[in-house]
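Q: Predicted structure and sequence below. I'll ask about it afterward.
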Amino acid sequence: MYPYDSLRDYAEDLEKQGKLIKINEMDQDKYEISALVYKLNDRLDYKAPSFLAEKVKINDKIHDSPVIGNLLNSFSTVAQCFGVENINDNQGEMYDAAVARIMSFQDEEMKWKMIDPVIVDKKDAPCKEVILTGDDADLGKFPWIKNNPADGSQYISAGSVIMEDADLGKNVGTYRMQVKGPRKVGVYFTNQSHGYKFMMQALERDEESVKVSVAVGIDPISWMMSSTRLAELGEDEFALAGGFRGKPVELVKSETNDLNVPAQAEFIIEGEITMETAEEGPYGEMLGYVGKKVWTFEIDIKTITHRKSPWVYNLWPGIGGAYLTLPWEVGHFTRLKKIMPNLVKLHTPPATASIVIACIDKRLPGEGIEAGLLLAGYRPIGFSKKMIIILDKDIDPTDLNRVIQAVGTRWQPDPASVIVKQSFHIPLEPSSKEMFLSSKIVIDATRQQESEGGPETYPLDNRTVLEERASEAFEIVDKRWDEYFGK
C-alpha cells in the first residue's frame, strides 16, 4: 500500500489486485515481449495488466533475471501510486482524483513539499545483496532489452541517472542508455536537460570525467520524479519524492563514489561519464518513431550492485508516457492558472506527447484562441506540442470521444484556427525538416459566439443538457452500477 518503498512492493500489490500477470518464459530474440506490449495496448488499453517475464531469451541466452513492464499504464495505476483510495477503471474520475492528490502536495506559493532522504547502512540495503567489480561487472549477465529491430542495440531504458555538482547541486534524471559493451553505455542528455547542464558545467572546469550512479527498478514515485522535470535545477528529486510519499526515501552510499542511491533499487550501476562523445542510436523514441543516430557521452562502468535475482524494468517509448509524466503536467497546470484563471483542465493524451487539450470557462469572444496561444507560448508545455485544442468547460479533455465530437461539431476551421508557421519545438519531432523547428496549430473548438462567426443561437448539447438538468440521473446510475450487472 501507499507509499510503496520498492518496485517489488508495488508489483506485489498489483498482483493481489489481478493487475499483474506472470509469464514463465519469453523470447526477446524474436521480439516477443515487444509484441506483447503493443498487443496489450491494442486489445486492453488502460485495462491491460502489468507483466513479469520470469525468464527471457536474449542473444541466444536464457536469463533468469525477470523483465517487468507496462507498470504505469493508466490513470488508475498513477492514482494508486499516490495513495488515492477506491481505485476503479473510470479514467476521467481517476485522472481527477490523481490530479487532486498531486496538487495537495503543493503549498500556496506552488512549492512542492520536500522530505529529505535518509541514509541507511549497507547491510539494510537490498541493492547491495550482490556486488560485482572488475570483469564480473558485466552488463551481459542481465536481460537488457532491444525494443525493436531498428534500435541500435540493447538499451537500459528505465535508469535514473544520479549526479552531483559542486556549483549546481543534485540531479536525478531518466536518460536513455545504449549498451555498448560489458562495461560501457552511452548516455543521451538532450541539450535542454539538467544532466546536459551538469556536463557543460564540468567541461567548463576542465574536468576529465563526472562520477555517476544509475538506479534501475526503484519505487514508483521516485521513478516519476526522475522521469519528469518537476524539480528545479539542482533540487534533490529524492527529497521531492519524499514529499509526495509522506516519508523519506532510503538511500545508501555507492561503492565507488560518494553518490547516495536508492537502497531498495533492483540495480545500481556505478561509473564515470567521460568527456569524449561517440555515436549512439538509433532508438525508438517517445513519439513512437525511430530517431536518428546522435553523438552522446559514455559511461565507463566500475561496479554493478543488485538484489538477488534482480528485475529489469523496461520502457517501450511511445506507449503510455502521459501517465508517467502526470505530476509534471499538474505542476504546470497550477502555474498556468495564475495567468489563465479561466483554465479548467489540461490534458496530454497518452497516445502522443505532441497534442495538448484544454477546457476553459469561456465567457468572452476570442478567449479560445487566446488560451491556445498562451499554451503554445508557455515553453514547458508549448515546446513539445504542435496541436493545441481548446474546448468548453462541459467537455472533459480526458474523454477523447467527447473531444472528437466537439472538434467535429463546434469547430469551424475558419476562423477558429491559428497556424504558427514556425516555432521552437522538441527535437524528436519526426515530421520536421529542421531540428527544433515546427509549425503549430491552435484549434478553438469552443462554441463560437456570434461575433466570432458562430450561429446566432447555438444548439444545446444532448449530454450537457442531461448532466446539467438531470444530474441526479447519473448519481443513481453510479450507485446502482454493480446491481445492474448482478454483482
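A: That came through fine.
Q: For the rest of this, base every contact and every neighbour count on C-alpha atoms.
A: OK.
Q: Looking at Gly321 now. What's its pLDDT?
A: Looking at Gly321, its pLDDT reads 63.
Q: Over to Asp121?
A: pLDDT, Asp121: 97.
Q: do Asp138 as well
A: On the pLDDT scale, Asp138 is placed at 98.
Q: Contacts only, for it.
A: Leu132, Pro182, Arg183, Ile304 (C-alpha atoms under 8 Å, 6 or more residues apart in numbering).
Q: hmm, 6 Å instead?
A: When contacts are counted by C-alpha atoms under 6 Å, 6 or more residues apart in numbering, Asp138 touches Pro182, Arg183.
Q: cool, and Pro349?
A: Counting by C-alpha under 6 Å, 6+ apart, Pro349 makes contact with nothing.
Q: That one - that's part of a strand, no?
A: No: read with DSSP: H, G, I helix; E, B strand; the rest coil, Pro349 is coil and lies in no strand.
Q: State the distance from it to Val312.
A: 27 Å (C-alpha to C-alpha, to the nearest Å).
Q: For stretch 84-92, list every residue counted as buried.
A: The neighbour-count check on stretch 84-92 (16 or more other C-alpha atoms under 10 Å) flags Val84, Ile87, Gln91 as buried.
Q: Show me where the stretch 301-450 of the chain dips below the pLDDT cut-off.
A: Flagging of the stretch 301-450 of the chain using pLDDT under 70 yields the residue ranges 320-322.
Q: where do the helices sit along it?
A: 321-324, 326-339, 367-377, 379-382, 400-410 (DSSP state H, counting those that start in this stretch).
Q: Mean neighbour count, these: which tops it?
A: Per residue and on average, the most neighbours among the helices of the stretch 301-450 of the chain fall to helix 321-324, with a mean of 23 (mean count of other C-alpha atoms under 10 Å).
Q: Test my guess that Gly173 contacts Met163.
A: No: using C-alpha atoms under 6 Å, Gly173 makes no contact with Met163, being 8.7 Å away.
Q: Which of the two has more residues huddled nearby?
A: Ranked by neighbour count (other C-alpha atoms under 10 Å), Gly173 and Met163 place Gly173 first, with 25 against 22.
Q: Pull the contacting residues for that one.
A: Ser160, Val161, Ser226 are the contacts of Gly173 under C-alpha under 6 Å, 6+ apart.
Q: Please, which helix or strand holds it?
A: strand 169-174 (DSSP states H and E).
Q: Show me what counts as buried in that strand.
A: Lys170, Asn171, Val172, Gly173, Thr174.
Q: Among the residues you listed, which pair sits farthest apart?
A: The largest separation in those, counting by C-alpha to C-alpha, is between Lys170 and Thr174 at 13.7 Å.
Q: Now intersect the contacts of Gly173 with the helices, please.
A: In helices, defined here by DSSP state H, the members of the contacts of Gly173 are Ser226.
Q: So which of the contacts of Gly173 is the closest to Asn257?
A: The closest of the contacts of Gly173 to Asn257 turns out to be Val161 (C-alpha to C-alpha; 13.7 Å).
Q: Leaving out sequence neighbours, find the closest residue to the closest one.
A: In space, not counting the residues next to it along the chain, Val161 is nearest to Val214; the distance is 4.5 Å by C-alpha to C-alpha, 6 or more residues apart in numbering.
Q: what residues are up against the closest residue to Ile369 other than its chain neighbours?
A: Leaving aside its chain neighbours, Ile369 sits nearest to Asp444 (5.8 Å; criterion: C-alpha to C-alpha, 6+ apart). Going by C-alpha under 6 Å, 6+ apart, Asp444 touches Gly368, Ile369, Ile390, Ala416.
Q: Within the helices and strands, which one has Glu207?
A: Under the criterion of DSSP H and E, Glu207 resides outside all helices and strands.
Q: quick one: the most centrally placed residue in the chain and Ser74, what's the gap?
A: Centroid check for the chain by C-alpha atoms, centre = their mean gives Leu324 as the closest residue, at 2.9 Å. Distance of Leu324 to Ser74, given as C-alpha to C-alpha: 9 Å.
Q: go on, Phe267?
A: 26 Å.
Q: neighbour-wise, which of the two wins?
A: For the pair Phe267 and Ser74, the greater number of neighbours falls to Phe267 (30 against 26), based on other C-alpha under 10 Å.
Q: what sits opposite the more buried one in the beta ladder?
A: Beta-bridge pairing for Phe267 (DSSP bridges): Val216, His306.
Q: so who does it touch?
A: Phe267 makes contact with Ala215, Val216, Thr305, His306, according to C-alpha under 6 Å, 6+ apart.
Q: what about the first one, how many neighbours?
A: The reference is to Ala215. Around Ala215 sit 26 other residues, with neighbours defined as other C-alpha under 10 Å.
Q: from here on, count from 287
A: Sure, I'll start counting at 287 from here, so that last one is Ala501.
Q: Looks like it contacts Ser446 (just checking).
A: Yes: with contact defined as C-alpha under 6 Å, Ala501 counts as touching Ser446 (5.0 Å).
Q: helix, strand or coil for the residue lying closest to Thr684 once chain neighbours are set aside?
A: Excluding the flanking residues, the one nearest Thr684 by C-alpha to C-alpha, 6+ apart is Gly378, at 5.9 Å. Following three-state DSSP, we place Gly378 in the helix state.
Q: So Gly378 versus Phe530, what's the distance?
A: Distance, Gly378 to Phe530, by C-alpha to C-alpha: 22 Å.
Q: what about the residue nearest to Leu714 when sequence neighbours are not counted, how many residues close to it?
A: In space, and not counting its chain neighbours, Leu714 is closest to Gly577: 6.8 Å by C-alpha to C-alpha, 6+ apart. Number of residues near Gly577 (other C-alpha under 10 Å) recorded here: 19.
Q: Equivalent analysis for Glu720, please.
A: Residues near Glu720, counting by other C-alpha under 10 Å, number 11.
Q: list the contacts for it?
A: The contact partners of Glu720, by C-alpha under 6 Å, 6+ apart, come to none.
Q: cool, and Val342?
A: The neighbours of Val342, taking C-alpha under 6 Å, 6+ apart as the test, are Glu311, Met312, Asp313, Ile348, His349.
Q: rerun that using 7 Å as the cut-off
A: Applying C-alpha atoms under 7 Å, 6 or more residues apart in numbering, we find Val342 in contact with Glu311, Met312, Asp313, Gln314, Ile348, His349, Asp350, Pro352, Pro429.
Q: Which two of these have the greatest separation?
A: Greatest spatial distance among the contacts of Val342 (C-alpha to C-alpha): Gln314 and Asp350, at 13.3 Å.
Q: Give me the more crowded residue out of these two.
A: Set Gln314 next to Asp350 and count neighbours by other C-alpha under 10 Å: Gln314 wins out with 22 against 18.
Q: how close does the more buried one sit to Lys466?
A: From Gln314 to Lys466 the distance is 18 Å (C-alpha to C-alpha).
Q: ditto for Val642
A: 36 Å.
Q: Compare neighbour counts for the two and give me the winner.
A: A direct count of neighbours by other C-alpha under 10 Å for Val642 and Lys466 places Val642 higher, at 24 against 17.
Q: what's the more buried one in contact with, if anything?
A: Here Val642 is in contact with His633, Thr634, Lys671, Met673, Ile674, Ile675 (C-alpha under 7 Å, 6+ apart).
Q: can you pick the most crowded of those residues?
A: Neighbour-wise, the contacts of Val642 (other C-alpha under 10 Å) top out at Ile675, 27 neighbours.
Q: separation between the residue nearest to the centre of the chain and Trp509?
A: Distance check for Leu610 against Trp509: by C-alpha to C-alpha, it reads 9 Å.
Q: cool, and Asp313?
A: The span separating Asp313 from Trp509 equals 27 Å under the rule C-alpha to C-alpha.
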